[in-house]
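Visitor: mind looking at a prediction? Sequence and model below.
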Amino acid sequence: MNKIDKSDCCDFQAALTHLKNGLKMTREAWGLYIRVFIQNPDENSKMTEPYLVMEKVKDGNVKMFPLDLSCESVLANDWYIVEYNNNM
């Protein structure tokens, strides 16, 4: 089951801490089908440093791409931890 834990509403500073701890985050403005996480490169990666990834999931299709957050998102206070399974 997909859900947002809205009891843990936070700003981006707190969201970044959660992201660094391996959790996926979303914003209330985005909804459940858009999530952000940190990708850590491995020996096969072309990237050399960790970076943010946006993951859009709808009808079983997953699209992922590097994320460059807007000022609106960085200053927002509607970030939430996302819990989900991979069978959306």
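Guide: That came through fine.

Visitor: most remote residue from this structure's center?
Guide: The outermost residue of the chain relative to its centre, with distances by C-alpha atoms, centre = their mean, is Glu43 at 23.1 Å.

Visitor: excluding chain neighbours, what is closest to the spatially most central residue of the chain?
Guide: Per C-alpha atoms, centre = their mean, the C-alpha nearest to the average position across the chain is that of Val36, at 1.4 Å. Excluding the flanking residues, the one nearest Val36 by C-beta to C-beta, 6 or more residues apart in numbering is Met25, at 5.1 Å. (Glycine included, C-beta is placed from N, CA and C.)

Visitor: which helix or strand contains the one you found?
Guide: strand 24-27 (DSSP states H and E).

Visitor: next helix or strand past that strand?
Guide: strand 34-39.

Visitor: I'd like to know which elements that following strand is packed against.
Guide: helix 12-20, strand 24-27, strand 51-58 (3 or more C-beta pairs under 8 Å, 6 or more residues apart in numbering; DSSP states H and E).

Visitor: which elements pack onto the first one?
Guide: In terms of contacts (3+ C-beta pairs under 8 Å, 6+ apart), helix 12-20 is packed against strand 24-27, strand 34-39, helix 71-75, strand 79-83.

Visitor: got CSV for these, with distance to Val53 too?
Guide: Compiled in CSV, the helices and strands packed on helix 12-20 are given as follows (distance: least, C-beta to C-beta, whole Å):
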stretch, distance to Val53
strand 24-27, 10
strand 34-39, 5
helix 71-75, 14
strand 79-83, 13
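
Visitor: would you mind telling me which of the ones you listed is nearest Lys58?
Guide: Proximity to Lys58 (C-beta to C-beta) singles out strand 34-39 among those, at 9.3 Å.

Visitor: just the buried positions in the closest one, please.
Guide: Residues Ile34, Arg35, Val36, Phe37, Ile38, Gln39 are the ones in strand 34-39 that count as buried (16 or more other C-beta atoms under 10 Å).

Visitor: re the thing from before, give me whichever of the helices and strands packed on strand 34-39 is most buried.
Guide: Ranked by mean neighbour count under mean count of other C-beta atoms under 10 Å, those are led by strand 24-27, which reaches a mean of 21.
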